[in-house]
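1. Just need the structure, nothing else, for what follows:
(2 chains)
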Number of protein chains: 2
Amino acid sequence: MDRWFTEQHSKTIRFSIQISKILYQTQTPFQKLEVFENEELGRFFALDDYLMITEKDEFIYHDMIVHVPMATHPSVKKVLVIGAGDGGTVRELCRYATIEHIDMVEIDEEVVKACRTYFPKSTISLDDPRVHLYFMDGLKFVAEHKDDYDLIIVDSTDPFSVGEGLFTDAFYKDCYEALKSDGILVNQHESPFYEHYRKNMQRAHQRIVKHFPIVKVYQVFIPTYASGHWLFGFASKVYDPIDGVDFNRWEALNLKTGYYNPAVHVAAFALPNYVADALKETHEHDPV
Amino acid sequence: MDRWFTEQHSKTIRFSIQISKILYQTQTPFQKLEVFENEELGRFFALDDYLMITEKDEFIYHDMIVHVPMATHPSVKKVLVIGAGDGGTVRELCRYATIEHIDMVEIDEEVVKACRTYFPKSTISLDDPRVHLYFMDGLKFVAEHKDDYDLIIVDSTDPFSVGEGLFTDAFYKDCYEALKSDGILVNQHESPFYEHYRKNMQRAHQRIVKHFPIVKVYQVFIPTYASGHWLFGFASKVYDPIDGVDFNRWEALNLKTGYYNPAVHVAAFALPNYVADALKETHEHDPV
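-> Numbers count the residues shown, from 1 in each chain, chains lettered A, B, ... in the order given. Here you go, the predicted model:
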């Protein structure tokens, strides 16, 4: 039987993955959740028809959302992770012995349950004693914390789905306040190529620059995401993601990584002109 | 009517573009040639069901196959371009006043004819007096030239189609000999993610390192190519693509580019670990 999972990358562009096995399908209180298997990509899951992770390339996303801020900040002890139900972000964070406490806030408990069952490799650190799980709205959680975290990672779905609130002006302001005086915020920042994603990228950037003194965008090759050209936002109170970073300290940790290395870290911030221009445009307009 | 162009990115992965208009379809002596239009990508053409260029993102490919070697080599006067029937590579080369002579060798004249009709923006420089067009096999052409070119650009289709010969050991050897004593070869180098492309990437690299003292691979975000993570090969007799490059000279030319800039040039060579490992693997095996 010829079954395909198809994601609409853009209005007239489709990406399709042949399904070798349907592992799980349910409607959670928040979204449609499906777990499939593909011959080449391994297991993968989708929320409301948007691909979240595949076993084959999830290391790319998780390497880059975690190791870039962790190499930049000289002393991360307390981290807040919002979203990230597949566990991959927490797995990478738990490799750092210096981290003492991780709060992970995922709105949809069903995502974590399904991932524990079907993605044991990515959820492997969710029971680490340093990890505290909260199943609630990340917006509410962050608003209740002040001057508390060294690092906040927003590993969310897109702003046109459950993740919508995590792209608002009020949320970025609350993140700023929940961070310590030298804190860093990293967030899933959409993509520059297809119109719909580009607008989301611009809107997120336009809002973040209002609240943080240092705001950069960095890019990652994620083969199974729309256009393969994905972005993360880096917003910081003190630390620049390149100038002054002590990469020797990171190298001394001897972490084995599939994608990240210090040269890739620096290179990720070198944006093609058309991407830099699209971000610059947002500074020239009134805030949305 | 709902019509789609579908490319098989991998055995079980498909990429589909909705067709708003069919502009041209023919079978040339070499391959199937189709020109379509899409609402978001503009016009695009395919050879044997593989997407070649779209109006929306062709600037990315052509920026990176041309400006990287042109910024590296201090004095390019004579260039050989193999393939490149859409004209985009020659268009970018013709922006350099210092280039005196360009030989472009495309095996399939029908590709150039169709592109002149449907892609006026990319073929705009094919009638530049410095450009000399040859419709013949690039392998034969290059074998007849010794110590002649400053730069050879192989802008070919994939090795599993008409471009096959342009990925052979004998061809790379002939390129080496056709280059002057400080010449540079840049070639379309496939992609690291999907198995089939990865093997082609490894095979090309394994062959090129046998003939050139300086061999690097650099990467580009090309949204409409398989995985979006595309590679070019940089093989050189003398010039390193980063160390010693005088980027001020390139900046002084004041060329407006949509993707390329010196920071992107340097960053493109920072390979993720899994890509570097796949290339390194090829050094550890007997040549294919």
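
2. got the residue ranges for the strands in the stretch 1-150 of chain A?
-> All strands of the stretch 1-150 of chain A, identified by DSSP state E, counting those that start in this stretch, fall at A:3-10, A:13-19, A:21-27, A:32-38, A:42-47, A:50-54, A:78-83, A:101-105, A:131-134, A:149-155.

3. Turn these into TSV, columns for distance to chain B and mean pLDDT.
-> (C-beta placed from N, C-alpha, C; glycine too.) Formatted as TSV, the entries for the strands of the stretch 1-150 of chain A read as follows, by distance: least, CB to the nearest CB, whole Å; pLDDT from 0 to 100:
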stretch	distance to chain B	mean pLDDT
strand A:3-10	6	97
strand A:13-19	4	98
strand A:21-27	12	98
strand A:32-38	6	98
strand A:42-47	11	98
strand A:50-54	10	97
strand A:78-83	23	97
strand A:101-105	25	98
strand A:131-134	26	98
strand A:149-155	19	97
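
4. could I get the ones you listed as TSV with mean neighbour count?
-> Rendered in TSV, the data for those read as follows (neighbours: other CB atoms under 10 Å in any protein chain shown):
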stretch	mean neighbour count
strand A:3-10	17
strand A:13-19	20
strand A:21-27	12
strand A:32-38	20
strand A:42-47	21
strand A:50-54	22
strand A:78-83	25
strand A:101-105	21
strand A:131-134	16
strand A:149-155	26
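
5. got those as CSV, with distance to residue A:164 columns?
-> Conversion of the strands of the stretch 1-150 of chain A to CSV gives the following (distance: least, CB to CB, whole Å):
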stretch, distance to residue A:164
strand A:3-10, 18
strand A:13-19, 23
strand A:21-27, 19
strand A:32-38, 16
strand A:42-47, 13
strand A:50-54, 13
strand A:78-83, 12
strand A:101-105, 16
strand A:131-134, 19
strand A:149-155, 12
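
6. Among those strands, which comes closest to residue B:224?
-> When the strands of the stretch 1-150 of chain A are compared by CB to CB, strand A:13-19 sits nearest residue B:224, at 8.5 Å.

7. Which residues outside the closest one are in contact with it?
-> Taking contacts as CB atoms under 8 Å, 6 or more residues apart in numbering or on different chains, the residues outside strand A:13-19 that touch it are A:2-9, A:36-39, A:41, A:44, A:51, A:194, A:224, A:226, B:4, B:12-18, B:38, B:40-41.

8. Look up phi and psi at residue A:174.
-> phi -60, psi -40 (degrees, to the nearest 10).

9. meant to ask about residue A:212
-> Backbone torsions of residue A:212, given as degrees, to the nearest 10, read phi -120, psi 140.

10. Now do the contacts for residue A:110.
-> The contact partners of residue A:110, by CB under 8 Å, 6+ apart, come to A:26, A:28-30, A:33.

11. Test my guess that residue A:53 contacts residue A:88.
-> Yes: taking CB atoms under 8 Å as the definition, residue A:53 is a contact partner of residue A:88 at 6.6 Å.

12. Show me the common contact partners of those two, please.
-> With contacts taken as CB under 8 Å, 6+ apart, the residues that reach both residue A:53 and residue A:88 are A:61, A:122.

13. Residues in contact with the strand ranked longest in chain A: which ones?
-> Longest among the strand segments of chain A by residue count, using DSSP state E, is strand A:179-188. Applying CB under 8 Å, 6+ apart, the external contacts of strand A:179-188 come out as A:65, A:68-69, A:72-73, A:83, A:147-156, A:163, A:166, A:172, A:175-176, A:204, A:208, A:212, A:232-239.

14. In chain A, what residue comes closest to chain B?
-> Checking chain A residue by residue against chain B with CB to the nearest CB singles out residue A:228 as nearest, at 1.8 Å.

15. which phi and psi does that residue have?
-> Phi and psi for residue A:228, reported as degrees, to the nearest 10, are phi 70, psi 0.

16. My read is that it contacts residue B:229, right?
-> Yes: contact status for residue A:228 versus residue B:229: in contact at 5.8 Å, counting by CB under 8 Å.

17. Next up, the contacts around residue A:12.
-> Taking CB under 8 Å, 6+ apart as the test, what residue A:12 contacts is B:17-18, B:20, B:38-41.

18. give me phi/psi at it?
-> Summarising the backbone geometry of residue A:12 under the convention degrees, to the nearest 10, its torsions are phi -120, psi 20.
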